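Q: fold the following, please.
(one chain, ligands or ions: 1)
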Amino acid sequence: MADRSPQPVPEIAATYTFHAHANREVWTWAAAVSIAAELRRELIVQPRARLLLSGGGTPGPVYRALSQAPLDWERVDVGLVDERWLLPDDPDSNAWLVHHEFLRDHAAVARFEPMTQAGRNLEGAVATANAHARREATVAVFGMGEDGHTASLFPDMADAERVLTSPRDYVAVDAHGCPGAQRWPRRISLTPHGMKRIAHRLLLIQGARKRAVFEEAIASGDVQRWPVLATLESSYGTPLDVHWCA
Ligand SMILES: O=C(O)[C@H](O)[C@@H](O)[C@H](O)[C@H](O)COP(=O)(O)O
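A: Numbers count the residues shown, from 1 in each chain. The predicted structure is shown next:
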C-alpha cells in the first residue's frame, strides 16, 4: 500500500508567482511572451537554449502563439517534460502535440528531441532522455491535472518513493491504477530532481477547479498527494510562474 504519510517539499527554496489573467487570449499571449523572453535572454549569452514542453489539452494556444515569436529558433532544442509510451506519430503522444501545435511558423526550424522511437525500448528511451538532460533546460512548461498531477507524476503512484526521490532527471513511470494517467499508464517523466535544475518554470492552468486544486496543494505541502508541488522548487531559487485564467 502506498505510504500516505505527508511528505512536505523539503526546504522549498523558492515560491510561486500567481498571474491571474482576464481571459484566455491574455493568458495565451502573456505565457507565450514570457517563454520567448527567457529563450531570447538565454540565446544572447549561450549558443543554444533548451525548452521543455508538456502535453495535455491546455497549452495548445500558447504553443501556437509561441511558434510565431521572431526568435533564432534554429538554436533552440525542444524536449518533452513527459511522454506516454507511444510513438511520436500516435496522435495521443505528447510528441505529436508538440509537432502539430508548436513546430510550425517560425518555430518549425527548432530541433525537436522526441523521447520514443521505433525500435527503442523503454530503458533506452529513458537513457536518451537523461542524456539530453545533461544540458539544462532554460524554460519548462508544466500542466496540472485536477488530481494535482504534473508531468507524469501522479498522486499515490505505486512507486512514488522511487520516482520522487530519484537522482536522475527522467525515469520510467508505472501509473497503473492512477485515474489521471488515463489510458496510458506506462510513461516517462521528468522527476522532481530534473525540475529543480530548471530556472524558469511555468505552470499553465485554467478554470476555477484547477485554481482551487493548486491552492489546496500549496496549503497541504504533501508532494506525494500533490505532485504539482515538485514544480515549485528550483536550485536557482526562482519562483514558479503560474499562469491562470477562468
Ligand atoms: O502527458 C500528459 O498527460 C501531460 O504532460 C500532463 O502532465 C498534462 O500536463 C496534465 O495532464 C494536464 O493536462 P490537461 O491540460 O489536459 O488538463
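Q: mind listing what's buried in the longest helix along the chain?
A: When the chain is parsed with DSSP state H, its longest helix is helix 24-45. Using 16 or more other CB atoms under 10 Å as the test for burial, helix 24-45 gives 27-28, 30-32, 34-36, 38-39, 42-43. Heads up, the C-betas are built off the backbone N, CA and C, glycines and all.
Q: show me what that helix is packed up against.
A: strand 16-21, strand 49-53, helix 60-66, strand 139-142, strand 200-206, strand 240-245 (3 or more CB pairs under 8 Å, 6 or more residues apart in numbering; DSSP states H and E).
Q: one step back: which of the buried residues of helix 24-45 come close to the ligand?
A: Applying CB under 6 Å from any ligand atom, the subset of the buried residues of helix 24-45 adjacent to the ligand is empty.
Q: columns distance to Q117 on top of those residues, output as TSV?
A: TSV is the format used below for these (distance: CB to CB, whole Å):
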residue	distance to Q117
W27	34
T28	31
A30	35
A31	30
A32	29
S34	31
I35	26
A36	29
E38	29
L39	26
E42	27
L43	28
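Q: pLDDT added to the residues you listed, as JSON lines?
A: Output for the buried residues of helix 24-45, formatted as JSON lines (pLDDT from 0 to 100):
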{"residue": "W27", "pLDDT": "98"}
{"residue": "T28", "pLDDT": "98"}
{"residue": "A30", "pLDDT": "98"}
{"residue": "A31", "pLDDT": "98"}
{"residue": "A32", "pLDDT": "98"}
{"residue": "S34", "pLDDT": "98"}
{"residue": "I35", "pLDDT": "98"}
{"residue": "A36", "pLDDT": "98"}
{"residue": "E38", "pLDDT": "98"}
{"residue": "L39", "pLDDT": "98"}
{"residue": "E42", "pLDDT": "98"}
{"residue": "L43", "pLDDT": "98"}
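Q: kindly indicate which of those residues lies nearest T17.
A: Within those, the smallest distance to T17 is 10.5 Å, found for S34 (CB to CB).
Q: residues touching the closest one, list them.
A: Going by CB atoms under 8 Å, 6 or more residues apart in numbering, S34 touches 202, 241, 243.
Q: need the residues you listed in a markdown table (columns: neighbour count, distance to the ligand and pLDDT).
A: Compiled in a markdown table, these are given as follows (neighbours: other CB atoms under 10 Å; distance: CB to the nearest ligand atom, whole Å; pLDDT from 0 to 100):
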| residue | neighbour count | distance to the ligand | pLDDT |
| --- | --- | --- | --- |
| L202 | 23 | 12 | 98 |
| D241 | 21 | 15 | 98 |
| H243 | 24 | 12 | 98 |
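Q: would you agree S93 is in contact with D82?
A: No: in this structure, S93 is not within contact of D82 by CB atoms under 8 Å, at 10.8 Å.
Q: now for those two: what residues contact both?
A: Common contacts of S93 and D82 (CB under 8 Å, 6+ apart): G55.
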